[in-house]
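Visitor: Turn this into a structure:
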Amino acid sequence: MNNNSFIGAHNITLPPDWQGPVWIVLKDQIIHMIRIGALKPEQQLPTMRDLAESLKLNRNTVQRVYNALNKEGFLETRVGDGTYVTASQSPTSSANWDRVKQQVRQTLQLGCELGLNHEQITALVREELERINSIRARRPLSMIESRTRYGAITRYAGSTNEISM
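Guide: So this is what the prediction gives:
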């Protein structure tokens, strides 16, 4: 795979006006590319060294990004083979992302049709997110999934409470 074509084709660049830690900017850019489908499942990413050189960053910065994305389930590193977009990022896969985006769009449209203004809709969304987050904080996880360093998946089941929406 030509890593330069990956970088050029997908515009992995640091915006001239970026603010905040550079590793978070780069991480967010890669997540966005996965969510919109610009990076496909099983697609290989450039090596840490190649990406660091092309962006003129320290290799440790790119390593920090790749490690964080591995932990969050967006990437998977295969020893001796490279780093790949994972086959599925269940809550954030582009198919799920699109479904949620469509539902949000329809809900916002309904709110506008019913006469709610921007501030009312924003307050309603914040209120519901806070309610859901408070419920999630009180409930145990229903399933914990972890990968061993050899790629095997271990699952631990637990009890769960439903979130009513």
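
Visitor: Count residues in the vicinity of Leu14, would you?
Guide: Residues lying near Leu14 (other C-beta atoms under 10 Å) number 13. All C-beta spots, glycine's among them, are computed from the backbone N, C-alpha and C.

Visitor: can you give me the strands in this structure?
Guide: With strands called from DSSP state E, the chain shows them at 75-78, 82-85, 143-147, 153-157.

Visitor: domains for the protein, by residue range?
Guide: Structural domains of the chain, as assigned by automatic domain parsing, span the residue ranges 3-85, 90-157.

Visitor: Go through those and pick out the most buried.
Guide: Of all the domains of the chain, domain 3-85 has the most neighbours on average by mean count of other C-beta atoms under 10 Å, namely a mean of 15.

Visitor: now this structure, which segments are flagged as low pLDDT?
Guide: 1-11, 13, 88-96, 136-165 (pLDDT under 70).

Visitor: Let's see stretch 22-31 as CSV, backbone CA atoms only.
Guide: Extracted as CSV, the C-alpha positions of stretch 22-31 are listed here (Å, rounded to 0.1, in the frame of the first residue of the first chain):
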residue,chain,number,x,y,z
VAL,A,22,-2.1,18.0,18.3
TRP,A,23,-2.7,14.3,19.1
ILE,A,24,-6.3,14.9,19.9
VAL,A,25,-6.8,16.9,16.6
LEU,A,26,-5.3,14.0,14.6
LYS,A,27,-7.3,11.4,16.5
ASP,A,28,-10.5,13.3,15.9
GLN,A,29,-9.7,13.6,12.2
ILE,A,30,-9.2,9.8,11.9
ILE,A,31,-12.4,9.1,13.8
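
Visitor: what does that stretch rub up against?
Guide: Applying C-beta atoms under 8 Å, 6 or more residues apart in numbering, the external contacts of stretch 22-31 come out as 12, 14-15, 18, 39, 45, 55, 57, 61-62, 64-65, 68-69, 74-75, 92.

Visitor: Swap in 6 Å and give it another go.
Guide: Here stretch 22-31 makes contact (C-beta atoms under 6 Å, 6 or more residues apart in numbering) with Trp18, Thr61, Arg64, Val65, Ala68.

Visitor: Look up how far Ala38 lies from Ser134.
Guide: The gap separating Ser134 from Ala38 is 35 Å, by C-beta to C-beta, to the nearest Å.

Visitor: Make a markdown table out of the contacts of stretch 22-31 and add distance to Arg126.
Guide: Converted to a markdown table, the contacts of stretch 22-31 look like this (distance: C-beta to C-beta, whole Å):
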| residue | distance to Arg126 |
| --- | --- |
| Trp18 | 27 |
| Thr61 | 33 |
| Arg64 | 31 |
| Val65 | 30 |
| Ala68 | 27 |
